[in-house]
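Student: Predicted structure and sequence below. I'll ask about it afterward.
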2 protein chains.
Amino acid sequence: MSNTRADILAAARGILSEHSLADLTMRRLATDLGVRPNALYWHFPNKQTMLAALADDILATVPGPTPDIDWLTDVHRLATDMRLALLAVPDSAEVVSSAWASGLAERGMETSIADVALRGGLPERAATGLATAICQLTIGLTIEEQTRTQMERLGVTGPSGRLFDEEFEAALAVILDGARFRSGGEST
Amino acid sequence: MSNTRADILAAARGILSEHSLADLTMRRLATDLGVRPNALYWHFPNKQTMLAALADDILATVPGPTPDIDWLTDVHRLATDMRLALLAVPDSAEVVSSAWASGLAERGMETSIADVALRGGLPERAATGLATAICQLTIGLTIEEQTRTQMERLGVTGPSGRLFDEEFEAALAVILDGARFRSGGEST
């Protein structure tokens, strides 16, 4: 029987890893933790608040900006690290999307990317546009990949044959070229 | 009592418009159409096949490439028309994401954007990367916006104050600059 905030988030990750987002209910969490549902509401007033904390927790594994490397290299690194953090927890891209929609999560990834871009010399609208383009590519494509994984796990379909990593890298390259263009840099 | 393929897709749109994706079941569709569930399976072997047809149907409202206008202008138009088509049907961005994940939908938007970019002189990897970046921005951001709309409709939360159109345009501008950069064009 265990019921700290960290215990609840660890149990939530466990349900996503072993089952799916559809199984992640407050009741199921309480059962897995061996506590009564009411005990969870001491930490989180409702499910949306728990999901927002879970989204922040999953993305908190991404190291922040690294000021001593080239800014475009750092943006590329933030994007790929964000994708890896999502891929580590099944259905987490949908959790993050929902948490960002609720307005209860921190959206720290967007802030980090925009900050690095501003430091790199991009105008503010381009910096926030870059952050949106990268975060939505990462979340959108990973929702597709994780949905596909669940379909394959349930035996609804076989392997897709899609190379999601390559789809991600090709799209990210175009977005980073847009950032380079705006900052007056040269192609690589 | 009505049960053509078009009737089923129209009823599915109706359920999304008046309720939500969670309410879109084969049983509910049959009830709304006044037929037995088995009658639907004559047109669609399962729910995933119906959702794929619905996704294709929603995006079929987007006019195809327009060869007589500047290619970057046409890509911008395809992106904004895709977004408008999704915004016209509640929860449709999640339907399209799921349908693309299943591999049962046509993904014609990606093909159209990549074709226009190839005609504009982009190398193949950049053309497909551009299509991925735009489609995932559109789907990802619209999933967030439509999720938020449902939360507001259910009274879970008040208005977000976010300007989704502006977030979309700022991100799209960066992506299109990447395409312009790759094609050797100049900034506007």
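Tutor: Ah, there it is. Being a predicted model, the structure only gives us computed values, none of them experimental.
Student: In the helix or strand bottoming out on mean pLDDT in chain A, which of the residues would be classed as buried?
Tutor: Lowest by mean pLDDT, DSSP states H and E among the helices and strands of chain A is helix A:37-40, with a mean of 90. By neighbour count on 16 or more other Cβ atoms under 10 Å in any protein chain shown, the buried set for helix A:37-40 is residue A:40. For every residue, glycine as well, the C-beta is placed using N, CA and C.
Student: what sits up against that helix?
Tutor: Contacts to helix A:37-40, defined as Cβ atoms under 8 Å, 6 or more residues apart in numbering or on different chains, come from residues A:3, A:8, A:26-27, A:29-30, A:33, A:50.
Student: do the same with stretch A:121-138
Tutor: Applying Cβ under 8 Å, 6+ apart, the contact partners of stretch A:121-138 are A:75, A:78-79, A:82-83, A:86, A:93, A:109-111, A:113-115, A:117-118, A:168, A:171-172, A:175, A:178-179, A:182-184, B:132-133, B:136-137, B:140-141, B:167-175.
Student: to the chain's geometric centre, what's the distance from it?
Tutor: Remark: stretch A:121-138 is offset 16 Å from the chain centroid, using Cα atoms, centre = their mean, to the nearest Å.
Student: Can you dump the C-alpha atoms of it in PDB for me?
Tutor: Extracted C-alpha coordinates of stretch A:121-138, given in PDB (Å, rounded to 0.1, in the frame of the first residue of the first chain):
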ATOM      1  CA  GLY A 121      18.500  35.100 -33.300                       C
ATOM      2  CA  LEU A 122      15.100  34.100 -34.500                       C
ATOM      3  CA  PRO A 123      12.300  36.700 -34.300                       C
ATOM      4  CA  GLU A 124       9.700  35.800 -31.600                       C
ATOM      5  CA  ARG A 125       6.900  34.700 -33.900                       C
ATOM      6  CA  ALA A 126       9.400  32.400 -35.800                       C
ATOM      7  CA  ALA A 127      10.700  31.000 -32.500                       C
ATOM      8  CA  THR A 128       7.300  30.100 -31.200                       C
ATOM      9  CA  GLY A 129       6.300  28.800 -34.600                       C
ATOM     10  CA  LEU A 130       9.300  26.600 -34.600                       C
ATOM     11  CA  ALA A 131       8.400  25.200 -31.200                       C
ATOM     12  CA  THR A 132       4.800  24.500 -32.300                       C
ATOM     13  CA  ALA A 133       6.000  22.800 -35.600                       C
ATOM     14  CA  ILE A 134       8.400  20.600 -33.700                       C
ATOM     15  CA  CYS A 135       6.200  19.700 -30.800                       C
ATOM     16  CA  GLN A 136       3.200  18.900 -33.000                       C
ATOM     17  CA  LEU A 137       5.300  16.800 -35.400                       C
ATOM     18  CA  THR A 138       6.600  14.900 -32.400                       C
END
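Student: That one - what's its average pLDDT?
Tutor: Average pLDDT, stretch A:121-138: 97.
Student: again, but for stretch A:47-54
Tutor: When pLDDT is averaged along stretch A:47-54, the result is 96.
Student: Kindly report the same for stretch A:67-78.
Tutor: Stretch A:67-78 shows a mean pLDDT of 96.
Student: cool, and stretch A:142-153?
Tutor: The average of the pLDDT scores along stretch A:142-153 is 96.
Student: ok, residues contacting it?
Tutor: A:20, A:83, A:86-87, A:90-94, A:97, A:157-160, A:162, A:164, B:48, B:97-98, B:100-103, B:140, B:143.
Student: Let's see which of the contacts of stretch A:121-138 end up in helices.
Tutor: Residues of the contacts of stretch A:121-138 located in helices (DSSP state H): A:75, A:78-79, A:82-83, A:86, A:93, A:109-111, A:113-115, A:117-118, A:168, A:171-172, A:175, A:178-179, A:182, B:132-133, B:136-137, B:140-141, B:167-175.
Student: Only whichever of those residues are buried, select them in PyMOL.
Tutor: Buried subset of those, written as a PyMOL selection, criterion 16+ other Cβ under 10 Å:
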select buried, (chain A and resi 75+78+79+82+83+86+93+109+110+113+114+115+117+118+168+171+172+175+178+179+182) or (chain B and resi 132+133+136+137+140+141+167+168+169+170+171+172+173+174+175)
